[in-house]
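**Student:** Return a 3D structure for these sequence lines:
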Amino acid sequence: MPYSGINDETLPDQVKEMPEKVRTAWIKTFNSMHEKCMAEKGEDCEGKAMAGANAVAKRMMDSDGGEMEGELQLAPVELSNDALTEGRLFDGLAAGEFIDMLGRKAAFKAAELGEFLKNTLAAIEATRAESGEIVGLPIDARGHERGDAAGWIVGAELEGERIRLKPRWTVIGVELISKSIQRGFSATVDLTNKVILGGTLTNWPATRNKSGHILLRPVELSRNGLSNEEEANMPDNVVAVDMGQLQKLVETAVAAAMPKPPVQTGNGNTDVELESLVAEFGGLSDEAKKARKEELRRLSEYVRKQAELEFQAEMQRERHESRMAELAQTLVGGSDAAPRGYQATVDEVKAHLLKMAPDEAKFWGEFLSKTQKDGFVEFDEVGHGREPQGTKPLPSEFAEQLDAGTIKLADLSDPAAGLGDLRQYDLSKWSGGVK
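**Tutor:** Sure thing, here's the model as predicted:
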């Protein structure tokens, strides 16, 4: 049944004890999920809504940034699927007894996994945006840090004595997994409400048996960055490209990325090379050839872009090194505008400039060049107050005594006079016109 608000007397006791914002989030989630389930004539709508609301409240109360994170789950930001990569199902939770990384004992019975699955699916459903897209439960990049997301859990299924999770990976997750920086998964689990709240990529998963063996298999990306659906639709008779063909394709893509001599027209095209490679796959069906050509085209485009980026980066490095060498020569050897130099060798100055970030090297290079040309600023000031030297009027009582001849200039230096540094005063009237 839906609840009217945070003061509804029929709310469960544990909900009444929640902070007001968490309670509001719980009610909003429960009502939304319950209404949707009833509209679809689903089963156990109250149980599903309760599990989803509990998961959201738990995540809010456990998180360092609780309230904001809870609001994100209730009103998910619209995400573009173009920015995410569909991944293979991976092991999220296994039945068994184990000790987590904080030394706490935990046990998951095979008979309980069905309830965990039901509640986890309800929690995932609670992240559905207005567009109908599932945002998912967060997978932290590392260490349950609740920082950058490596991915999002958008589905789950039961396989034997394991719950397997369906992810969408962010670019961070793709990089961490593809480069084997992080290959394991550790779930964040609410044992009371029997629901997976999310998790993290890790190399030290807590789900281990008594012998220390990891119960969950490593996380894997889909082959060549393709989604599971694309892999499933790939014809069986498509064969892998051998190394010779791959090298030929890479050389073609790299050549297309390099600058062309002025006499050469066009910007390079790999279509002919692709057709040539596909033609070598004898015995393939038209569908297989088409799929293979598209796969090669993707690879070619990726290699071309990488080669272009590397070429641009190398050119920038060369230009920067050339500028620093020229600057070092000027700083040490001087120039027509500044016929003087710093006491160092050209190689020393160049080496230290190249160790700096380009923007830092630019700042210090310009700073040193200006100092070399214009010199240092001479301060005609006295003391910490930065008073200009010899401009301050002498106190009237001393000026009158000097005029009357009752004291001499030398008498002003007596500490008892309390005048401090005499250089700050204009004494030209009594010193022959010289300050």
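
**Student:** Go through the helices and strands of the chain and name the one with the lowest mean pLDDT.
**Tutor:** For the chain, counting by mean pLDDT, DSSP states H and E, helix 66-74 ranks last in confidence among helices and strands (a mean of 33).

**Student:** could you point out which element follows that helix?
**Tutor:** Proceeding C-terminally, helix 66-74 gives way to strand 85-86 as the next helix or strand, assigned by DSSP states H and E.

**Student:** which strands and helices sit next to the next helix or strand after that next one?
**Tutor:** Beyond strand 85-86 on the C-terminal side, the first helix or strand identified by DSSP H and E is strand 90-94. Contact partners of strand 90-94 among helices and strands, from 3 or more C-beta pairs under 8 Å, 6 or more residues apart in numbering; DSSP states H and E: strand 162-169, strand 184-190, strand 195-202. All C-beta spots, glycine's among them, are computed from the backbone N, C-alpha and C.

**Student:** Lowest average confidence across those strands, which one?
**Tutor:** Set side by side, these differ in mean pLDDT, and strand 184-190 is lowest with a mean of 81.

**Student:** Next, the contact list for residue 134, please.
**Tutor:** Contact analysis of residue 134 by C-beta atoms under 8 Å, 6 or more residues apart in numbering lists 124, 125, 127, 128, 154, 155.

**Student:** Just send those residues back as CSV, with neighbour count and distance to residue 48 too.
**Tutor:** Listed next are these as CSV, based on neighbours: other C-beta atoms under 10 Å; distance: C-beta to C-beta, whole Å:
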residue, neighbour count, distance to residue 48
124, 24, 11
125, 17, 8
127, 24, 14
128, 16, 13
154, 19, 17
155, 15, 16
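
**Student:** In helices, which of the residues you listed fall?
**Tutor:** Counting by DSSP state H, the members of the contacts of residue 134 that fall within helices are 124, 125.

**Student:** can you pull out the helices in this protein?
**Tutor:** Along the chain, counting by DSSP H, helices occupy 13-16, 20-39, 45-62, 66-74, 113-125, 171-178, 228-233, 243-257, 271-279, 286-333, 346-355, 358-374, 396-404.

**Student:** mean pLDDT lowest for which of those helices?
**Tutor:** When the helices of the chain are compared on mean pLDDT, helix 66-74 scores lowest, with a mean of 33.

**Student:** Output the contacting helices and strands for the longest strand seen in the chain.
**Tutor:** Scanning the chain for the strand with the most residues, using DSSP state E, yields strand 149-159. In terms of contacts (3+ C-beta pairs under 8 Å, 6+ apart), strand 149-159 is packed against helix 113-125, strand 137-140, strand 162-169, helix 171-178, strand 195-202.

**Student:** Output that strand as CSV, restricted to C-alpha atoms.
**Tutor:** As requested, C-alpha coordinates have been extracted for strand 149-159 and formatted as CSV (Å, rounded to 0.1, in the frame of the first residue of the first chain):
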residue,chain,number,x,y,z
ALA,A,149,32.2,4.6,-11.0
ALA,A,150,33.8,1.8,-12.9
GLY,A,151,30.4,0.7,-14.0
TRP,A,152,26.7,0.1,-13.1
ILE,A,153,24.9,-3.2,-12.3
VAL,A,154,21.8,-3.3,-14.6
GLY,A,155,20.7,-6.9,-14.3
ALA,A,156,21.2,-10.1,-12.3
GLU,A,157,20.5,-13.8,-12.7
LEU,A,158,21.0,-17.0,-10.7
GLU,A,159,23.4,-19.6,-11.9
